[in-house]
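J.: Only the shape, not the letters, is given here:
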């Protein structure tokens, strides 16, 4: 009951903010408002799915589904509005790509629910959609005209295929996870996996740890809405003091469950696991704290830089990677808690393992041709724009690696009869490579593809 | 032809054509490709950046092993060749069987086959003709073509769809080989380079990516080039009017933009960039005589190295034009070639007074001598040279690549979405002499969907049987006997 009240109040609050936005902008159906509405509905759906996790009330799932529908309608409105305003389909900037991706994710969630009967897939896809929409709120969203290289129909074809392919891969990842649940993988194994993932996330964030306890982030030029550069290709970093220590603390907190898990194995003592689960709960609170501090510190304040004199501002928009990592870590841990508390309910609601195995395979059978066509369209576009259909640019190379990994999955399945767990792990590996291709290449490696 | 199974060639062939080899090779390609994205690669990276990123010892190691240009080293090419060979070997090894299966459809199932086929059903019938007739009608109803197969004393029915699906996987692998072939041809015979043209100039020289210069049998003349920008300055369109000239004759001309190249004799010219050469075309100045000197105010126009007389006594010459200046230690340096912060250095000579004045615009403290110049100058207009940057490429292998891509699209469609389905209907008599219709089905993929289709087919046969048997004495068809077994 309290949950319903809580969710209801939150939605009321969000609707109030939306109302203020409408009043401020004087336009109900602006793109920002439609997007905001989509966020509200997706957040509602996500909350209801997680609410099911806490209380086990099945009707929440039905409402969550309805909320997803509503969100999709609003999202479609936002996409249409954007398309109309920009004069081209929404593919020209990270903002627009996120818009398309979130739309595809919601659409595929509903298809999976209706066609495959996997009713709780929203628990995984809705949080991702929420992260996407939140990220969008922070990015520069003006309609940017296209630079010459992007003015091509093949661009639209290539990006559409990419969005569809990556959404299908995301779906196969969710289904593979559900298969592992139904295949009776022990909850502790999920604990270890979630913990390793979160540890990895914070280790990556701590790569920016600065010796005296600060965290380095990219400086942001609020006027031009762009990152600040010292010289061509070299970004200006500022150090937010003390944030490094906080991240270190949270790193310890998220490492604790992993350590306890290892102890429970080496000491063969199961009681470590219950402590580990409590540690997960505490780490979620600390991760949320880290997120809040990060949000507050990046939004206000000027910070010193090691590379230049003076104080410079930063912004959330300058650190989308860190933000998504923080939010992603929290959601992964929440999903683990959902599994921990509601495993038997989930096992009842999900299709059986064999079916999930088959559905995962079918989803990859959809994703693979899409990946192939995406690479082909990209090669053709590159040929027309830059005179070479393949230049071993990091994004191209990693797209090819992704293709090879999924080709490996299909080979192993079709010719070697790999089913069940091995196939599921392969599918999860495939999605990890997809994520690296999409995020890692843009933020960690240089190249021609740097704009998306 | 007693080839021992253990001879070396045989063993090599078997290793090469095994799936395990294929997977190992794929993993190797993945590892080295990934390395090529994480390790800085020449020639794309500045040598300075490379020296900054790696210690000299590490850089030497990376260069020697080829890791700084992974995708062009011999061992990576050898790896790709091995992958192609493995695909060929695997296909050749398995193709004969597949072809036998494809070319000789199994139309009349024998008893052993009928016993073990997973998807089958038995329908009780009273009369062979009637049963087979019902089956034929059922086939027609589901839009399948069926043929009668003559057996010793009766006939059976056979129907199949999309037998090509059995070849689909070979189509996909063949397409992959076509793509590799294209890549190899381009690696050996293709080249890419750069050509910079200013309006009015023409050239037949290409700076190839590997550093050499290639001469084309024809020239490209630039008749004009330009840039359109959006209001915030980001480029909207770069265009060039190009003409192909061969031995003085203009063969073709085209205005190219990004994404729309000029093609001539397999050589493609792409609009890649546009810029200012940083060299001055012409500078227009207003010259005013300083206090106390004779002379008239006038407007002059200076080109590099041109001497202009302001009056019988005074001459001015442009010595330097710096498009983007910066001052360090009392010296003026050029920071870049972009016209961002221009400075011009003029030398004003007064013959009679034998005075030479270094005049700088803008005034640069410590360097300029503007105060002692007989004339002061105010800049009016600046025209810098422009160039159009053309990427030039010759990639003869790309047709093989596109053909491979199209073939792969077709192949994948067949692999995933076109199912080879077969149905057999055979009248059989069991040990007790009861006549029934054995119905069997097989599909090469999507078996769960096929089970549904098979069930529908069986039900359709039963429906077709009903009117006949209803006519006979109220004997309902023995559906109880129907077993539908499937995996």
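T.: Sure thing, it's come through. The model shown is predicted, which means the values in this text are computed figures rather than measured ones.

J.: For residue B:320, give me phi and psi.
T.: Dihedral pair for residue B:320: phi -140, psi 150, per degrees, to the nearest 10.

J.: beta partners for it?
T.: Note on residue B:320: beta-bridge partners residue B:345, judged by DSSP bridges.

J.: I'd assumed residue B:342 was in contact with it.
T.: No. Residue B:320 is beyond contact range of residue B:342, at 10.8 Å (criterion: C-beta atoms under 8 Å). (Glycine included, C-beta is placed from N, CA and C.)

J.: Of these two, which one has the most company?
T.: Counted by other C-beta atoms under 10 Å in any protein chain shown, residue B:320 and residue B:342 do not tie: residue B:342 has more neighbours, with 19 against 16.

J.: What score does residue B:261 have for pLDDT?
T.: pLDDT recorded at residue B:261 is 84.

J.: Also residue A:446?
T.: Per-residue confidence (pLDDT) for residue A:446: 51.

J.: show me where chain B has helices.
T.: B:8-16, B:19-38, B:47-53, B:56-65, B:74-103, B:111-116, B:128-141, B:168-189, B:398-417, B:447-471 (DSSP state H).

J.: want to try a markdown table for those helices, with mean pLDDT as columns?
T.: Putting these into a markdown table (pLDDT from 0 to 100) gives the following:
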| stretch | mean pLDDT |
| --- | --- |
| helix B:8-16 | 88 |
| helix B:19-38 | 88 |
| helix B:47-53 | 76 |
| helix B:56-65 | 85 |
| helix B:74-103 | 90 |
| helix B:111-116 | 90 |
| helix B:128-141 | 89 |
| helix B:168-189 | 89 |
| helix B:398-417 | 92 |
| helix B:447-471 | 82 |
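
J.: The ones you listed: which one's closest to residue B:284?
T.: Shortest distance between residue B:284 and the helices of chain B, using C-beta to C-beta, is found for helix B:47-53: 38.2 Å.

J.: tell me which residues of the closest one are tucked away?
T.: residue B:50 (16 or more other C-beta atoms under 10 Å in any protein chain shown).

J.: What helix or strand is the spatially most central residue of chain A located in?
T.: Using C-alpha atoms, centre = their mean, the residue of chain A that lies closest to the mean C-alpha position is residue A:128, 4.4 Å off. Under the criterion of DSSP states H and E, residue A:128 resides in helix A:122-138.

J.: Quick one: name whatever helix or strand follows that helix.
T.: helix A:153-182.

J.: which residue ranges form the strands in chain A?
T.: Per DSSP state E, chain A carries strands over the ranges A:209-210, A:214-218, A:220-221, A:226-227, A:229-231, A:234-235, A:237-240, A:302-304, A:311-313.

J.: Read off the pLDDT value for residue B:278.
T.: For residue B:278, the pLDDT comes out at 67.

J.: Likewise for the one 10 residues further on?
T.: At residue B:288 the predicted local confidence, pLDDT, stands at 85.

J.: In the stretch 101-250 of chain B, what residue comes closest to chain A?
T.: Relative to chain A, the nearest point of the stretch 101-250 of chain B is residue B:230 (4.8 Å; C-beta to the nearest C-beta).

J.: Give me every residue in the stretch 201-350 of chain B lying close to chain A.
T.: Proximity of the stretch 201-350 of chain B to chain A, by C-beta under 8 Å from any C-beta of the partner chain, involves residues B:230, B:234-238, B:257-261, B:268, B:270-272.

J.: Name the member of these with the most neighbours.
T.: Most surrounded of these: other C-beta under 10 Å gives residue B:271, at 27 neighbours.

J.: Would you mind naming the residues that bridge with that residue?
T.: Bridge pairing for residue B:271 - DSSP bridges - gives residue B:390.
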